[in-house]
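[1] Provided below are the primary sequence and the corresponding predicted coordinates.
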Amino acid sequence: MATKTAPSIAVPGQFIGPTSKYQAGPGTHVYESNVYSSLLGVVQVTQPAKPPGPPKRLNIIVPPQPTAPPFVSVSPSGVSDKREVLPEVGNVVLCRVTSITPRQAVVTILICGDSVLEAEWRGVIRAQDVRATEKDKVKIYESFRPGDIVRAEVISLGDQASYYLQTAKNELGVIMATSEAGNTMYPVSWKEYRDAETGMSEPRKVAKP
Amino acid sequence: MADRRRINGPPGATIPPIYENGDASLLKKKQVRTRPADEARKTYLKTGVTPSASGSAYLEVEIPGQEGVSGLKLSCTVHGPRSLPRSSPFSPHIILSTHVKFAPFATKQRRGYLRDPTERDLGVHLEAALRGAIIADRWPKSGVDIIVSIIEGDQDRERSRSQGDEAWDLMNVLSGCITVASAALADAGIDCVDTVAGGVAALVRDSADNGKPRIVIDPMPSEHDKIDAACCIAYLPSRDEITNLWFKGDMPDGDMSTYFDLVQEGIAASKQAGLVLVNGLREAVE
């Protein structure tokens, strides 16, 4: 098994193995067809997912498929658990709305994937990225309010100040909202939240629970 | 800015006067280099010393002949990666900012609190040394601050201010800064192609060798009669690359091979520092 030949602990710049034997995962880099560690931490080797589907016709002798080499990654676990992660394109993030304008909502990204972010990253949800249909009829103040917690997806690293986010999927949108009276509300439809105490309903871009 | 409200001591160290017909045993014996020319001083390195920083490291280099006394004490903290201020332009890679700060008591001559040109110069050298080691495009739109505090500046306090040139001490300080910053970056979990380590080699002349120039690594200026030239190198050991080279001084003869020898010895010094660095980092994981 290939795990035995890889070192268990790696420091930056340490040779792990040739690219014919490993694929570079997180925390590693490739230099002159060799995989080197780029972080200080524990080396992990993970086998790639098997290609799906059984062979269809068993009466034909098929040469064994060349299997992809295992991924090798270096995770800084045990060194410090404060490692910062950056939002990347395609990640689902949780964020809080800080201000709204007619064209966009400005949010602060709180959680990226499973990890809580240390630094405060700014994001922007533009009006055309709020939902997939009837984009021209979107009104930001009928979709978000300051203080809402929103589940969104990163679509671009954006400009110098903020990431660009979108909520144009059923499972994306507001997941927690407070009413104007200050009570926590519950979702009643894809575009409405209702206050349990006053019975008033407010428009939002609601995430499918 | 001088403090006018209090009665301050002298800005530098003072030495009691010694008279010609006095007790000669009071005179401090001149230190001589006892370790081999290709051996660096003993170094202590520890990571993760500052809990509030993302990564940190501490480095000490001992004074030979004085057990437990260290000449160089450096503490490095790394903050980030964190978001850039809104005024800065878009950057597809990480932006390094390095600060080197002498403690007021780090050198013989007391330092001010404001950043002086020496510290700025060291910061620029350190940034150049680290930029070649960091994989900058792994962290778009973010910045990292690397702050090195010099607690003890590798100067012999027993000697007067007129003796010795501070420029040679700065070389030792810079090589320590590079090593300690590299350890702190690894502790912070910022992707690097290699562990960059700093080393110094110098061309020295001693009366013991009849003034014949020789090359030593990790020089202590107080141990030699004259230092002709010195070079400080930041070196990536597994890639065999130099990321920063600082050469200073005069060559006695215009021989090119002495330049190469000095750089080669500087690399050898960096390799020794790199061993300390790698072992220190491994200890931190285990």
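    In hand now; what should we look at?
[2] Where does pLDDT dip in chain A?
    Low-confidence segments of chain A (pLDDT under 70): A:1-5, A:50-66, A:77-84.
[3] The strand ranked longest in it near chain B anywhere?
    Assignment by DSSP state E gives strand A:115-126 as the longest strand of chain A. Yes: interface with chain B: strand A:115-126 contributes A:118, A:119, A:120, A:121, A:122 (C-beta under 8 Å from any C-beta of the partner chain). Where C-beta positions appear, they are placed from N, C-alpha and C, glycine not excepted.
[4] Leaving out the residues flanking it, which one is nearest to the fourth one?
    Closest residue in space to residue A:121, ignoring its immediate chain neighbours: residue A:109 at 4.4 Å, by C-beta to C-beta, 6 or more residues apart in numbering or on different chains.
[5] and which of the residues of strand A:115-126 next to chain B is nearest to chain B?
    residue A:119 (3.9 Å; C-beta to the nearest C-beta).
[6] Return the distance of the residue positioned nearest the centre of chain A relative to residue A:153.
    Nearest to the mean C-alpha position of chain A, by C-alpha atoms, centre = their mean, lies residue A:91 at 2.1 Å. Taking C-beta to C-beta, to the nearest Å as the measure, residue A:91 falls 7 Å from residue A:153.
[7] ok, back up a step: isn't the residue nearest to residue A:121 right next to residue A:125, touching?
    No: applying C-beta atoms under 8 Å, one finds residue A:109 not in contact with residue A:125, separated by 11.1 Å.
[8] Could you report the neighbour count for residue B:236?
    23 (other C-beta atoms under 10 Å in any protein chain shown).
[9] For chain A, see how far away residue B:127 is.
    18 Å (C-beta to the nearest C-beta, to the nearest Å).
[10] Output the set of residues of the stretch 1-150 of chain B in proximity to chain A.
    B:48, B:54-55, B:80-84, B:86, B:88-91, B:133, B:135, B:138-142.
[11] Three-state assignment for residue A:198, please.
    coil (DSSP: H, G, I helix; E, B strand; the rest coil).
[12] Report the contact partners of it.
    Each residue near residue A:198 by C-beta atoms under 8 Å, 6 or more residues apart in numbering or on different chains is listed here: A:179, A:181, A:183.
[13] please redo it, this time with the cut-off set to 10 Å
    Residue A:198 makes contact with A:179, A:180, A:181, A:183, A:185, according to C-beta atoms under 10 Å, 6 or more residues apart in numbering or on different chains.
[14] Once you drop chain neighbours, what's closest to residue A:40?
    residue B:186 (4.2 Å).
[15] wait, residue A:209
    Nearest non-adjacent residue to residue A:209 (C-beta to C-beta, 6+ apart): residue A:187, at 6.9 Å.
[16] so which helix or strand takes in the one you found?
    For residue A:187, the host element (DSSP states H and E) is strand A:185-189.
[17] Which is the succeeding secondary structure element to that strand?
    Counting by DSSP H and E, what follows strand A:185-189 is strand A:192-195.
[18] helix or strand right after that following strand?
    strand A:201-203.
[19] my read: residue B:277 touches residue B:176, true?
    No: Residue B:277 is not in contact with residue B:176 according to C-beta atoms under 10 Å; the separation is 11.1 Å.
[20] what residues are shared contacts of the two?
    In contact with both residue B:277 and residue B:176: B:43, B:45, B:59, B:198, using C-beta under 10 Å, 6+ apart.
[21] Just the ones in strands from those residues, please.
    Using DSSP E, those in strands are B:43, B:45, B:59, B:198.
[22] Check those and tell me the two furthest apart.
    B:45 and B:198 (12.3 Å; C-beta to C-beta).
[23] I figured residue A:70 hits residue A:48, correct?
    Yes: applying C-beta under 10 Å as the test, residue A:70 and residue A:48 come out as touching, 6.4 Å apart.
[24] intersection of neighbour lists for those two?
    residue A:23.
[25] circling back to that earlier point, let me know the next secondary structure element after the longest strand of chain A.
    Following strand A:115-126 in sequence, per DSSP H and E, is strand A:149-156.
[26] Count the neighbours of whichever residue of the stretch 51-200 of chain B sits closest to chain A for me.
    Relative to chain A, the nearest point of the stretch 51-200 of chain B is residue B:194 (3.1 Å; C-beta to the nearest C-beta). Residue B:194 is flanked by 25 other residues according to other C-beta under 10 Å.
[27] repeat for residue B:108
    Neighbours around residue B:108, by other C-beta under 10 Å: 20.
[28] likewise the one 5 residues further on?
    The local packing count at residue B:113 equals 10, with neighbours defined by other C-beta under 10 Å.
[29] so who does it touch?
    B:1, B:101, B:102, B:103, B:104.
[30] Look up the pLDDT of it for me, please.
    According to the prediction, residue B:113 has pLDDT 84.
[31] which residue ranges form the helices in chain B?
    Counting by DSSP state H, chain B has helices at residues B:117-131, B:166-188, B:256-285.
[32] how big is the angle separating the last one from helix B:166-188?
    Helix B:256-285 and helix B:166-188 are oriented at 40 degrees to each other (axes from the mean of the first three to the mean of the last three C-alpha atoms, to 10 degrees).
[33] Helix B:256-285 and chain A, any residue contact?
    Yes: judged by C-beta under 10 Å from any C-beta of the partner chain, helix B:256-285 comes into contact with chain A at B:274, B:277, B:278, B:279, B:280, B:281, B:282, B:284, B:285.
[34] Helix, strand or coil: sort out the residue in chain A positioned nearest to chain B for me.
    Distances between chain A and chain B by C-beta to the nearest C-beta are smallest at residue A:13, namely 3.1 Å. Classification of residue A:13 using three-state DSSP returns coil.
[35] Would you confirm that it contacts residue A:35?
    No: shown here, residue A:13 and residue A:35 do not form a contact pair, counting by C-beta under 10 Å, at 11.7 Å.
[36] Now the common contact residues for these two.
    With C-beta under 10 Å, 6+ apart as the test, residue A:13 and residue A:35 both reach residue A:29.
[37] who has more neighbours, those two?
    Neighbour totals were compared for residue A:13 and residue A:35, and residue A:35 leads with 27 against 23 (other C-beta under 10 Å).
[38] And the more buried one, how far from residue A:24?
    5 Å.
[39] And residue A:91, by the same measure?
    From residue A:91 to residue A:24 the distance is 20 Å (C-beta to C-beta).
[40] Nice, that's everything, thank you.
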